[in-house]
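Visitor: Show me how the following folds:
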Amino acid sequence: MLAKGRTGFRIEAFKFLTYLSIPIVASQLFNYPEITQRIVDHYKFIEYPPEDEDTTQMKKDLEEMQNKLAQAKMRKIMMQRQLESLDQTATKANPTNDSKESVDSNTTGRWWNIGYWYTPKTSTNVKEKETK
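Guide: Numbers count the residues shown, from 1 in each chain. So this is what the prediction gives:
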């Protein structure tokens, strides 16, 4: 709302100068590092280094997660070795594979692969069965 007359002009000029001068004065005032440091120290907006134990707790949590990950990797490697040893003992116990003669050459022969039990019918398998 504007005031009318000469007093209205003075009030508007005062408001304009106030709106303009406050940011300019604040910019000049905070441009000096000593003043900025005094204000920061007075209000304690920022404390260096942080005094709480959040950083140490985060480091502990990170180390725990890394240890768990390393343990999981070791368990995975051990399980793979166990499966390989079981596979080797199974092939030593039954080297001829009498019950599974027609294992496709594409499969690895491990018991957990589906090709160990299932072999698609090919022309060579059909011919072998016809000759028997």
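Visitor: Point out where this protein drops to low pLDDT.
Guide: 1-5, 45-53, 96-132 (pLDDT under 70).
Visitor: Going along the chain, name the strands of it.
Guide: Counting by DSSP state E, the chain has no strands to list.
Visitor: how about the biggest helix by length in the chain: buried residues?
Guide: The single longest helix within the chain, with elements called by DSSP state H, is helix 54-93. Under the neighbour-count criterion of 16 or more other CB atoms under 10 Å, helix 54-93 has nothing buried. From N, CA and C alone the C-beta is placed, and that goes for glycine too.
Visitor: Could you do stretch 16-34 as well?
Guide: Of the residues in stretch 16-34, none is buried (16+ other CB under 10 Å).
Visitor: then it to PDB, C-alphas only?
Guide: Output in PDB follows, covering the C-alpha atoms of stretch 16-34 (Å, rounded to 0.1, in the frame of the first residue of the first chain):
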ATOM      1  CA  PHE A  16      13.800   1.200  -0.600                       C
ATOM      2  CA  LEU A  17      17.100   2.200   1.000                       C
ATOM      3  CA  THR A  18      16.500  -0.200   3.900                       C
ATOM      4  CA  TYR A  19      15.900  -3.100   1.500                       C
ATOM      5  CA  LEU A  20      18.900  -2.200  -0.500                       C
ATOM      6  CA  SER A  21      21.300  -1.300   2.400                       C
ATOM      7  CA  ILE A  22      20.800  -4.400   4.600                       C
ATOM      8  CA  PRO A  23      22.200  -7.000   2.100                       C
ATOM      9  CA  ILE A  24      25.000  -4.600   1.100                       C
ATOM     10  CA  VAL A  25      26.100  -4.000   4.700                       C
ATOM     11  CA  ALA A  26      25.800  -7.700   5.600                       C
ATOM     12  CA  SER A  27      27.900  -8.700   2.600                       C
ATOM     13  CA  GLN A  28      30.600  -6.200   3.600                       C
ATOM     14  CA  LEU A  29      30.500  -7.200   7.200                       C
ATOM     15  CA  PHE A  30      30.700 -11.000   6.600                       C
ATOM     16  CA  ASN A  31      33.500 -10.400   4.000                       C
ATOM     17  CA  TYR A  32      36.000 -10.200   6.800                       C
ATOM     18  CA  PRO A  33      37.200 -13.600   8.100                       C
ATOM     19  CA  GLU A  34      37.800 -12.400  11.700                       C
END
